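1. Any chance you could fold what I've pasted below:
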Amino acid sequence: MKRGKRYTEAAKLVDRSVQYDAADAIAIVKKAAAAKFDETVEVHIRTGCDGRHADQQIRGAVVLPHGTGKTVRILVFAKGPKADEAQAAGADYVGAEELIPKIQNEGWLDFDVVVATPDMMGVVGRLGRVLGPKGLMPNPKAGTVTMDVTKAINEIKAGKIEYRLDKTNIIHVPVGKASFTEEQLADNFQTLMDAILKAKPSTVKGAYLRSVTMTSTMGPGVKLNVSKLVNG
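-> From the prediction side, this is the model:
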């Protein structure tokens, strides 16, 4: 795979044989983010979990202290007073059954997070095949199936992110933008890692965290020293 000149230059900042401390990794990732747009800083955590076992699934959510730097569009499935509450709390879209054909048939997906009141999950379940693969299905563990729609919306707008294992047992999450200060990225990263370490399933055999890599959208990956992350 041929890499562009900008990537090749950025890759020179990374010593592949080194596992970096979080502070050094953040400094390198920021320096390597040379694209013309504000790149997202992402963390990729390879776990020792086996997601095929229900008791080794990891899924949850955490509010990053400095947010993600991204404006999040929220769709809320609710009716009556709860729909009014969602509107008042600043949801971008609110609706019920009438949204099903729009999403299913017209392919409307102009939203980043879906929140639903429990009584609407029967309706939302019909969209499983569309929302599921995109990671948009509301989930009680992530706090997106709730009667407290105001709290859910406020947390999401404040920088709440969801983390979950993908099919290869890796967790991919954004921790901010390249324009953030190193301190902001460090705070967000630490908050995320605390949540991931706390979410460790008791049934995991061997190493829980196999590798942790930080990267920007267009930049090279920087490997972190896992033992320092686990043992402080």
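2. From here on, just use CA atoms for contacts and neighbour counts.
-> OK.
3. Could you list the buried residues of the longest helix along the chain?
-> Longest helix in the chain, counting residues (DSSP state H): helix 182-198. By 16 or more other CA atoms under 10 Å, the buried positions in helix 182-198 come out as 182, 184-193, 195-196.
4. how about those in TSV, adding pLDDT and distance to Ala89?
-> Conversion of the buried residues of helix 182-198 to TSV gives the following (pLDDT from 0 to 100; distance: CA to CA, whole Å):
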residue	pLDDT	distance to Ala89
Glu182	97	31
Gln184	97	26
Leu185	97	27
Ala186	97	30
Asp187	97	27
Asn188	97	25
Phe189	97	28
Gln190	96	29
Thr191	96	25
Leu192	96	26
Met193	96	29
Ala195	95	26
Ile196	95	29
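5. Next one, pLDDT for the most centrally placed residue in the chain please.
-> Among the residues of the chain, Val173 comes closest to the average C-alpha position under CA atoms, centre = their mean, at 3.8 Å. With respect to pLDDT, Val173 has a value of 94.
6. you'd agree it is up against Arg46?
-> No - Val173 is beyond contact range of Arg46, at 11.8 Å (criterion: CA atoms under 8 Å).
7. Name the residues that touch the helix-or-strand element of the chain with minimal mean pLDDT?
-> Across the helices and strands of the chain, mean pLDDT, DSSP states H and E gives its lowest value to helix 5-11, namely a mean of 76. With contact meaning CA atoms under 8 Å, 6 or more residues apart in numbering, helix 5-11 is reached by Lys31, Ala32, Ala33, Ala34, Met218, Gly219, Pro220.
8. Just to be sure, Thr215 is in a helix?
-> No - Thr215 is assigned strand when assessed by DSSP: H, G, I helix; E, B strand; the rest coil, not a helix.
9. For it, give me its contacts.
-> Contacts of Thr215 by CA under 8 Å, 6+ apart are Val29, Val41, Glu42, Val43, Gly221, Val222.
10. Distance of the first one relative to Gly69?
-> With the distance defined as CA to CA, to the nearest Å, Val29 ends up 16 Å from Gly69.
11. and Ala83, what element?
-> For Ala83, the host element (DSSP states H and E) is helix 80-89.
12. and that helix, what other elements does it pack with?
-> Using 3 or more CA pairs under 8 Å, 6 or more residues apart in numbering; DSSP states H and E, the elements in contact with helix 80-89 are strand 74-77, strand 93-95, helix 149-158.
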